[in-house]
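Asker: What follows is a predicted structure for the sequence shown.
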Amino acid sequence: MGLGWDVERQQYVARCSELFAVGGYAAVRKAAEAGLQESGPDPALYRWLGQAHAAEDDDDHDREAETAYRKGLALAEDDLGLMVAYLELCLRSDSWAHPGRARRAAALRERIDELAPPGSPERERVDDATGWAGRGYWDDLYVAAARGQADQAAVAEQSVLVTDALRRAARGESTADTGEDLRAAETAAAVELLQGARNAPLRLLLAHRVAAYVLTFAASFGLNKALVLSGTLDFSLWGWLLWVPVLLAEAKLREARNLGRERVIARIQARHGETPLKSAP
């Protein structure tokens, strides 16, 4: 019977991993809790439960994550995955608000250094986490700027994919089932949200995104300058209203990403529900 329970736990762990990869943190928590209820306490399931709480980046969820990590470590005190995940939580917490986590971070780091060989994935995660925790003000600005550039690059790529999909839809080409492909699901959701005559301006902006940004900046700056130079206003921000259409187009893409993710998560959960858990013979 023990082997059967192990197989079932492994399947729950695999489900958690699959859902976590597409950002389904609430679904991960549901799967982990179901696994713990069905199969009993398990360090790996507690780790996934903790990580799914920690990913929400919220104080209440952080407390739940800490509880899950400590329960897991009570079962397997030298589980590297649990220790590294707990260390990441402790390092990102405010040492003034949570002094206990700051103390535990030092003990966890020392124990991980003893167990994790140099060059191992766990050691790399620890180095990344400690490097993040030791950043200064200018380091934070640099990281924020790099993250902003990465986000803009992702939005630009999504705009190209959506524009191509809209053109195919306009030609009457049939669309394939997106299945559990996150990028394809996001693109399909964007095509749905941008249909109709009222969204035609937004489709045009996305099709010529770079030009739209340049022209909008020039027009908004020029309008503000003209209102001031003409004596109409001493100081003007009215030109920034010209950014509203561009921001609406970006909001549509964000909505599509969320909708696409929700659909993929629902499909994965449906597949899990249709696939019975297997026990060892």
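Answerer: Perfect, thanks for sending it.

Asker: Please parse this structure into its domains.
Answerer: Per automatic domain parsing, the structural domains of the chain span 2-133, 137-274.

Asker: pLDDT weak spots in the stretch 151-281 of the chain?
Answerer: Low-confidence segments of the stretch 151-281 of the chain, defined by pLDDT under 70: 278-281.

Asker: quick one: the helices in it?
Answerer: Assigned by DSSP state H, counting those that start in this stretch, the helices in the stretch 151-281 of the chain fall at 182-193, 200-207, 209-229, 244-274.

Asker: Quick check: buried residues in the first one?
Answerer: What it means is helix 182-193. Using 16 or more other Cβ atoms under 10 Å as the test for burial, helix 182-193 gives 182, 184, 185, 186, 187, 188, 189, 190, 191, 193. C-beta: built from backbone N, CA, C; applies to glycine.

Asker: picking that back up, mean neighbour count, the helices of the stretch 151-281 of the chain: which tops it?
Answerer: helix 182-193 (a mean of 20; mean count of other Cβ atoms under 10 Å).

Asker: what helices or strands is that one leaning on?
Answerer: Other elements packing on helix 182-193 under the criterion 3 or more Cβ pairs under 8 Å, 6 or more residues apart in numbering; DSSP states H and E are helix 137-170, helix 244-274.

Asker: then it to CSV, C-alphas only?
Answerer: In CSV, the C-alpha atoms belonging to helix 182-193 read as follows (Å, rounded to 0.1, in the frame of the first residue of the first chain):
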residue,chain,number,x,y,z
LEU,A,182,-0.4,29.4,-23.2
ARG,A,183,0.9,31.8,-25.9
ALA,A,184,-1.6,30.5,-28.4
ALA,A,185,-4.4,30.9,-25.9
GLU,A,186,-3.4,34.5,-25.1
THR,A,187,-3.3,35.3,-28.8
ALA,A,188,-6.7,33.7,-29.4
ALA,A,189,-8.2,35.6,-26.5
ALA,A,190,-6.8,38.9,-27.9
VAL,A,191,-8.4,38.3,-31.3
GLU,A,192,-11.7,37.7,-29.6
LEU,A,193,-11.4,40.9,-27.4
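
Asker: can you list contacts of that helix?
Answerer: Helix 182-193 is contacted by residues 22, 158, 161-162, 165-166, 169, 175-176, 178, 199, 252-253, 255-257, 259-261, 263-264 when judged by Cβ atoms under 8 Å, 6 or more residues apart in numbering.

Asker: quick revisit: which stretch among the helices and strands packed on helix 182-193 comes nearest residue 236?
Answerer: Among these, the nearest to residue 236 by Cβ to Cβ is helix 244-274 (15.9 Å).

Asker: Run through the neighbouring helices and strands of the closest one.
Answerer: Using 3+ Cβ pairs under 8 Å, 6+ apart: helix 244-274 touches helix 2-21, helix 25-39, helix 137-170, helix 182-193, helix 200-207, helix 209-229.

Asker: Residue 106 is nearest to which of those helices?
Answerer: helix 137-170 (21.5 Å).

Asker: Name the residues of the closest one that come out as buried.
Answerer: 155, 158, 159, 161, 162, 163, 165, 166, 169.

Asker: And the closest residue to the first one other than its chain neighbours, how close does it get to residue 242?
Answerer: Nearest residue to residue 155, sequence neighbours excluded (Cβ to Cβ, 6 or more residues apart in numbering): residue 253, at 6.1 Å. With distances taken as Cβ to Cβ, to the nearest Å, residue 253 is found 19 Å from residue 242.

Asker: Equivalent analysis for residue 114, please.
Answerer: 59 Å.

Asker: do residue 158 as well
Answerer: The value you get for residue 158 to residue 242, if Cβ to Cβ is used, is 23 Å.
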